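1. sequence plus the predicted model coming up.
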Amino acid sequence: MQIKLLIGLYFSLLLFACGTSHNEVDTSEALKDDSLQSNNSEQQKSKISKIMQLNGTIVFQNMEGGFYGFIADNGDKFLPIGLPLEYKKNGLIVEIEAEKIEDMMTTKQFGQNIQIKSVVVTDDSAVNLLQKNTNQ
């Protein structure tokens, strides 16, 4: 009689353990799916928030071998990556659309790295005066 009771108890525990394990797997899979969806939406929001519209001036910096930077009207400094050659003019006032580059380091140490998406020239009257002063 005791053996039948032990066998019955053993199978009951075995069935209970199998049922619990299956539910835990389903729950963890659902949590993973929710987490992935949450991460994707956060990445999309983050990407959208990184695109900026800025007004400012292209400036030539005679350090680290020389490079062109961008100083926004509010004083923030940026290192424009992908600035087309026709806009590399010291003193050129422009409107730019750019995206912040978070995962890139340079030796320039001038400001936040940005990838240029578009450039519109708003004033080029100071370019020739400044170009003569910097010998570029």
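-> All right, it came through fine.
2. how many residues are close by Ile3?
-> Taking other Cβ atoms under 10 Å as the neighbour definition, Ile3 ends up with a count of 7. Where you see a C-beta, it was placed from the backbone N, CA and C, and this is true even at glycine.
3. isn't there a helix covering it?
-> Yes - if the criterion is DSSP: H, G, I helix; E, B strand; the rest coil, then Ile3 is within a helix.
4. that one: what's it in contact with?
-> With Cβ atoms under 8 Å, 6 or more residues apart in numbering as the criterion, no residue contacts Ile3.
5. how far away is it from Tyr10?
-> Separation of Ile3 from Tyr10 (Cβ to Cβ, to the nearest Å): 10 Å.
6. and if you look at Glu86?
-> Summarising the geometry, the distance separating Glu86 from Tyr10, computed by Cβ to Cβ, is 82 Å.
7. also Thr57?
-> 81 Å.
8. between the two, tell me which one has more neighbours.
-> Between Thr57 and Tyr10, counted using other Cβ under 10 Å, Thr57 has the larger neighbour count: 18 against 10.
9. which element is the more buried one on?
-> Counting by DSSP states H and E, the element that carries Thr57 is strand 51-61.
10. give me the sheet partners of the helix or strand following that strand and which way each runs.
-> The C-terminal neighbour of strand 51-61 among helices and strands, as given by DSSP H and E, is strand 67-72. According to DSSP bridges, strand 67-72 forms sheet pairs with strand 51-61 (antiparallel), strand 77-81 (antiparallel).
11. average pLDDT for the shortest one?
-> For strand 77-81, mean pLDDT is 93.
12. list the buried ones in it?
-> Under the neighbour-count criterion of 16 or more other Cβ atoms under 10 Å, strand 77-81 has 78-80 buried.
13. which SS state does Val121 fall under?
-> For Val121, the assignment made with three-state DSSP gives strand.
14. Asp124 contacts Asn90, correct?
-> No - the criterion here is Cβ atoms under 8 Å, and Asp124 misses it with Asn90 at 10.9 Å.
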